[in-house]
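Asker: Fold the following, please.
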Amino acid sequence: LLQGPVCTNLGLKPGQRLTVKGKIAPNAKSFVMNLGEDATLLGLHFNPRFDAHGDVNTIVCNSKKVEEWGAEHRETVFPFQKGGTAEITFSVNQNDVTVHLPGHQFTFPNRLNLSVFDYFDTQGDFTLQSLSWE
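Answerer: Sure thing, here's the model as predicted:
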């Protein structure tokens, strides 16, 4: 996967949120957004798959502790289009992260019990246009 921008020292704590806007490639297979403490401790690995790893139009989420992945969580609501734009907001709560998508939201547990999310990156068929947090 193509590595996009990497952000560190975000300092996202419960009650705060991160909004990501960008453009999806016209021939997109999948893209990834990682949110965590650093590159080795990922509280949320967010991976919309148009057609990758046997999944079609599915969002796969997971967590990663060093080299150890957790159990995959799948969302079948898929509000993304190839060549379209995407706006995704991640709200950090005490025990989970709420992912806000166009017309849909879901939560993913904070399995690693991270108290702060300092790290964010994007990979794959997605071009980051803006990043804002509050």
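
Asker: CA atoms for contacts and neighbours, from now on please.
Answerer: Noted.

Asker: and Met33, what are its bridge partners?
Answerer: Met33 has these beta-bridge partners by DSSP bridges: Phe46, Thr122.

Asker: Tell me which stretches of the protein form strands.
Answerer: Along the chain, the segments classed as strands by DSSP state E run 3-7, 17-24, 31-38, 41-52, 55-65, 68-69, 73-75, 85-92, 96-101, 104-109, 119-124, 126-133.

Asker: Are there helices or strands packed against the fourth one, and which ones?
Answerer: Other elements packing on strand 41-52 under the criterion 3 or more CA pairs under 8 Å, 6 or more residues apart in numbering; DSSP states H and E are strand 31-38, strand 55-65.

Asker: how distant is the helix or strand bottoming out on mean pLDDT in the chain from the center of its chain?
Answerer: Sorting the helices and strands of the chain by mean pLDDT, DSSP states H and E puts strand 3-7 at the bottom, at a mean of 91. Offset of strand 3-7 from its chain centre (CA atoms, centre = their mean, to the nearest Å): 12 Å.

Asker: Please render the helices and strands packed on strand 41-52 as CSV that adds distance to Glu134 to the earlier fields.
Answerer: Listed next are the helices and strands packed on strand 41-52 as CSV, based on distance: least, CA to CA, whole Å:
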stretch, distance to Glu134
strand 31-38, 15
strand 55-65, 23
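
Asker: can I get the strands of the chain in JSON lines with mean neighbour count?
Answerer: As requested, the strands of the chain are arranged in JSON lines below (neighbours: other CA atoms under 10 Å):
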{"stretch": "strand 3-7", "mean neighbour count": "13"}
{"stretch": "strand 17-24", "mean neighbour count": "18"}
{"stretch": "strand 31-38", "mean neighbour count": "23"}
{"stretch": "strand 41-52", "mean neighbour count": "21"}
{"stretch": "strand 55-65", "mean neighbour count": "19"}
{"stretch": "strand 68-69", "mean neighbour count": "10"}
{"stretch": "strand 73-75", "mean neighbour count": "13"}
{"stretch": "strand 85-92", "mean neighbour count": "19"}
{"stretch": "strand 96-101", "mean neighbour count": "18"}
{"stretch": "strand 104-109", "mean neighbour count": "14"}
{"stretch": "strand 119-124", "mean neighbour count": "21"}
{"stretch": "strand 126-133", "mean neighbour count": "16"}
